[in-house]
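Undergrad: Here's a sequence, model it:
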Amino acid sequence: MFQSDTSKLLPRIVAILITLSGAAALSWQARQIYLQMRQLPASADVAPPHAPALSPQMLQRLFGSATATSSAADLQGTQLQGCIVAADPRQSQALIRIEGQGAVNVFAGEEFLPGVVLQQVAHDHVLFSRNGSTGRLDFPSAPSSTAALAAGAAE
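TA: Numbering: from 1, shown residues only. All right, here's what the predicted structure looks like:
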């Protein structure tokens, strides 16, 4: 009834043994990785290295001295009257009143006074460059609302 044919049985046994040994090796490696991940890293009792103090002279030697920024006081007789800020910064423009010339519409990157170039336009100020230094021109300061109310109440 049972006829055992060893020629067919032996390859099956070998295949099963190879499969079981591969599964055992894989599970052993997975266990080793799991145990390594559970180990806590060694605590470092070493103090961090002390950073040397940087003197202003050392920093100046590395980065150079800061350039002085210009201000609106350098542009006597100019007054910012309007700003149009576009999505493309090159399309932004400012309306600047120049003493003796009236109001001038200036695009970013254009020169509005000799040697003075409009660099950037924001909603409340503009940045300009003059002789390599950057300056800022703000809207003229409006009188405070409390002072205006007090002046109106006095009348």
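
Undergrad: how many other residues sit next to residue 61?
TA: 10 (other Cβ atoms under 10 Å). Quick note: C-beta positions are derived from backbone N, CA and C, even for glycine.

Undergrad: Residue 90 is in contact with residue 119, isn't it?
TA: No - counting by Cβ atoms under 8 Å, residue 90 stays clear of residue 119, with 11.3 Å between them.

Undergrad: between those two, what contacts are shared?
TA: Both residue 90 and residue 119 are contacted by 108-109, under the criterion Cβ atoms under 8 Å, 6 or more residues apart in numbering.

Undergrad: More neighbours: the two, which one.
TA: Higher neighbour count among residue 90 and residue 119: residue 119, with 15 against 9, using other Cβ under 10 Å.

Undergrad: List the residues that contact that one.
TA: Residue 119 makes contacts with 108-109, 126-129, 134, as judged by Cβ under 8 Å, 6+ apart.

Undergrad: and which of those is nearest residue 59?
TA: Nearest to residue 59 out of these is residue 134 (Cβ to Cβ; 20.3 Å).

Undergrad: Restricting to C-alpha, output stretch 105-118 in PDB.
TA: Taking C-alpha atoms only, stretch 105-118 is exported to PDB below (Å, rounded to 0.1, in the frame of the first residue of the first chain):
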ATOM      1  CA  ASN A 105       6.700 108.300  -9.900                       C
ATOM      2  CA  VAL A 106       9.700 106.000  -9.500                       C
ATOM      3  CA  PHE A 107       9.800 102.200 -10.200                       C
ATOM      4  CA  ALA A 108      12.100  99.900  -8.200                       C
ATOM      5  CA  GLY A 109      15.600 100.000  -9.700                       C
ATOM      6  CA  GLU A 110      15.300 103.500 -11.100                       C
ATOM      7  CA  GLU A 111      17.300 106.500 -10.100                       C
ATOM      8  CA  PHE A 112      15.200 109.400  -8.700                       C
ATOM      9  CA  LEU A 113      18.000 111.700  -7.600                       C
ATOM     10  CA  PRO A 114      21.600 111.800  -8.800                       C
ATOM     11  CA  GLY A 115      23.200 108.700  -7.300                       C
ATOM     12  CA  VAL A 116      20.100 107.600  -5.400                       C
ATOM     13  CA  VAL A 117      18.400 104.400  -6.600                       C
ATOM     14  CA  LEU A 118      15.000 103.100  -5.400                       C
END
